[in-house]
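Chemist: with the input below, show me the fold.
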Amino acid sequence: MSSLHATLVCAVGIAGLFYLDRDKSIRTSEALWLPVIWLWIIGSRPVSVWLGIHSATTVTIRGAENSPLDAGVFGALLAAGIVLLIGRNRRVWACLKINWPCLIYFAYCLLSVLWSDYSDIAFKRWVKAIGDLVMVLVLVTDTQPIAALDRLISRAGYILMPASVLFIRYFGNLGRGYSPDGAPMNTGVTTNKNELAVIALVISLGAMWRFLNLLLAKPQPNRARRLLARGTLVAFCLAVLYMAHSATSIACFLLSAVLILGTRLPFIRRRPAGVHALVAMILLAGGLTMLLGGQAAVIHALGRQTNLTGRSEIWAAVLPVVPNPMVGAGFESFWIGPRLEKVYRGLSRWWGGGHVNEAHNGYIEVYLNLGWVGVSLIAAILISGYSHAVAAFRRRPAFGGLMLAYVAAAVAYSITEAGFRMLNPMWFFLLLAGVGSSAIVPGLVGRKAMQPARKPREHDTNQASDGQPPLSATNENVAAFSRL
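Modeler: Numbers count the residues shown, from 1 in each chain. Next up, the predicted model:
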């Protein structure tokens, strides 16, 4: 098949997936397109690269402040999101009060601009970083937030996943490239195999959740065609995840998929506290494997070297260069400036000249930029997100299971990749798991989190997108929240 024919088939197939998965019974805000477009961009390439104004090697998503076009696009989306949230200010404030660790983290990031060697660049990057939180708030303050999440995943997945396969198979100049050490890699709609893997990871978890929701729900109109569309998206996600050949993302998918499936077991649903045991068992199994001498075997099975393909060399090179262990170099400021020459000189063996722009470890990356204070705040965000996800699981097990999967994936992914950086899909979905869990299922903090969800009455016909009773029907707190 020629590239032209393949493109036509892909375009028709994408349109067909949207058509098969349509559901006119659900009404979400038109503002949902803001986080969708945001995810399209951070999950692929900067607009200037798509238009051919810049090459992928001269501009990155995080360095887009060097491109007026990219800065303008991010700025327009951010401004539109803020204007929208002003109109939803009571709901937004309710979300932020519950998620105070996020507020403190972003406030500290702004404060750290003061001791950055390049305060102007750090401030521009902080403004862009706020966009991740703004887009999450746009989604979770929608009148039907779970349906909005469902559509975010479908609109992103139906475009990015088939397009990635098309680029890899038929447009090698766009969908394939070479790593710094000269090894071939599949990049799809992104500029790097790890970027392709992480967008495939986060969408695949959501696609799996959507498919199971419909598969396990009571019979609904047009169920067969919608299952076909959702199952096709899952297949595309798994294919792209395989093509990306990222051991980290594959391992995180397996771990998180176990959580999604495990939280749907009747035993776990009847005893919500069992979710702690499930998470602990997964982490313990991984920990024991390492402690009992299986570390090398596991790493080799995942396609890595025992030094994690040079990552341990990076960690050893960057840690001594941190200007201040307590507060770091300033927000997104470590990888700019003369200090990098010392780092690069020790990395030529592994990274084709040593020119890397991240620590390939989320916790170390935060330490480099924000010091131990920043690491502590990230830990607070993870703990808060986990506790909100568990509380959401008590009310809505299917949705809570997905949020737990995103938190677990972020924890594991950031061991070998910089998962807590701005404009990273993993960071976006971690924020979504924390803010979304507390906002989509309100009233979770305090004693009421322990109360079981109301069983649906026979006359409750309007079902939410996760196959459970409508959110507004769970209790009086939910109804009060919906009036905000």
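Chemist: packing partners of the longest helix along the chain?
Modeler: Using DSSP state H, we find that the single longest helix of the chain is helix 362-395. On a contact count with 3 or more Cβ pairs under 8 Å, 6 or more residues apart in numbering; DSSP states H and E, helix 362-395 meets helix 100-112, helix 274-289, helix 311-318, helix 397-413, helix 425-440. In this view, the C-beta of every residue, glycine as well, is placed from N, C-alpha and C.
Chemist: OK, contacts around residue 1?
Modeler: For residue 1, the contacting residues are 9, 170, by Cβ atoms under 8 Å, 6 or more residues apart in numbering.
Chemist: can you tell me how far it is from residue 171?
Modeler: 13 Å (Cβ to Cβ, to the nearest Å).
Chemist: repeat that for residue 149.
Modeler: With Cβ to Cβ as the criterion, residue 149 and residue 171 are 31 Å apart.
Chemist: neighbour-wise, which of the two wins?
Modeler: With neighbours defined as other Cβ atoms under 10 Å, residue 149 and residue 171 compare such that residue 149 has more, 27 against 15.
Chemist: that one sits in which helix or strand?
Modeler: For residue 149, the host element (DSSP states H and E) is helix 145-170.
Chemist: which strands and helices lie in contact with that helix?
Modeler: Looks like helix 145-170 contacts helix 3-20, helix 33-42, helix 119-140, helix 172-175, helix 193-216, helix 223-244, helix 425-440 (3+ Cβ pairs under 8 Å, 6+ apart).
Chemist: quick one, what contacts residue 171?
Modeler: residue 3.
Chemist: so that it lines up with my notes, have the first residue be 57 from now on.
Modeler: New numbering, starting at 57: the last item is residue 227.
Chemist: can you list phi and psi of it for me?
Modeler: Here is the backbone geometry of residue 227 (degrees, to the nearest 10): phi -130, psi 80.
Chemist: got a pLDDT number for it?
Modeler: Residue 227 is assigned a pLDDT of 91 by the prediction.
Chemist: tell me how far it lies from residue 273.
Modeler: Relative to residue 273, and taking Cβ to Cβ, residue 227 is found at 38 Å.
Chemist: before we move on, what about residue 233?
Modeler: 42 Å.
Chemist: again, but for residue 412
Modeler: Counting by Cβ to Cβ - residue 412 and residue 273 are separated by 46 Å.
Chemist: and the two? Which one has more around it.
Modeler: The neighbour comparison of residue 412 against residue 273 (other Cβ under 10 Å) goes to residue 412, with 21 against 16.
Chemist: the more buried one: what secondary structure?
Modeler: Secondary structure assignment for residue 412 (DSSP: H, G, I helix; E, B strand; the rest coil): coil.
Chemist: residue 241 is in what secondary structure piece?
Modeler: Assigned by DSSP H and E, residue 241 belongs to strand 240-242.
Chemist: pairing partners for that strand, with directions?
Modeler: strand 232-234 (antiparallel) (DSSP bridges).
Chemist: show me how far the strand it pairs with is from its chain's centre.
Modeler: Taking Cα atoms, centre = their mean, to the nearest Å, one finds the center of strand 232-234 at 24 Å from the center of the full chain.
Chemist: can you list the buried residues in that strand?
Modeler: Across strand 232-234, burial judged by 16 or more other Cβ atoms under 10 Å covers 232-233.
Chemist: now do the helix holding residue 205 against helix 453-469, angle only.
Modeler: Put simply, helix 201-226 runs at 50 degrees to helix 453-469, going by axes from the mean of the first three to the mean of the last three Cα atoms, to 10 degrees.
Chemist: tell me what angle helix 201-226 forms with helix 279-300.
Modeler: 50 degrees.
Chemist: picking up where we left off before, so how far is the longest helix of the chain off the chain centroid?
Modeler: On Cα atoms, centre = their mean, the centre of helix 418-451 falls 14 Å from the chain's centre.
Chemist: one more: stretch 433-453?
Modeler: 15 Å.
Chemist: so where's the protein uncertain?
Modeler: 111-122, 236-237, 328, 339-366, 402, 404-411, 497-540 (pLDDT under 70).
Chemist: ok, residue 175 - contacts?
Modeler: 169, 386.
Chemist: recalculate using a threshold of 7 Å.
Modeler: residue 169 (Cβ atoms under 7 Å, 6 or more residues apart in numbering).
Chemist: do the same with residue 199
Modeler: By Cβ under 7 Å, 6+ apart, residue 199 lies in contact with residue 85.
Chemist: cool, and residue 128?
Modeler: Residue 128 neighbours (Cβ under 7 Å, 6+ apart): none.
Chemist: could you check the angle the helix or strand harbouring it makes with helix 89-98?
Modeler: Per DSSP H and E, residue 128 falls inside helix 124-143. Orientation check (the same axes, to 10 degrees): helix 124-143 against helix 89-98 gives 150 degrees.
Chemist: buried ones in helix 124-143, by neighbour count?
Modeler: Per 16+ other Cβ under 10 Å, helix 124-143 contains these buried residues: 125-127, 129-130, 133-134, 136-137, 140-141.
Chemist: out of these, who's nearest residue 167?
Modeler: residue 134 (20.1 Å; Cβ to Cβ).
Chemist: wouldn't that closest one be in contact with residue 185 here?
Modeler: No. Under the criterion of Cβ atoms under 7 Å, residue 134 is not in contact with residue 185, lying 10.1 Å apart.
Chemist: returning to what we had before: list the buried ones in the strand holding residue 241?
Modeler: For strand 240-242, by 16+ other Cβ under 10 Å, it's 241-242.
Chemist: run the chain-centre distance for it.
Modeler: 23 Å.
Chemist: so what touches that strand?
Modeler: Against strand 240-242 from outside (Cβ under 7 Å, 6+ apart): 224, 231-235, 249, 252, 299-301.
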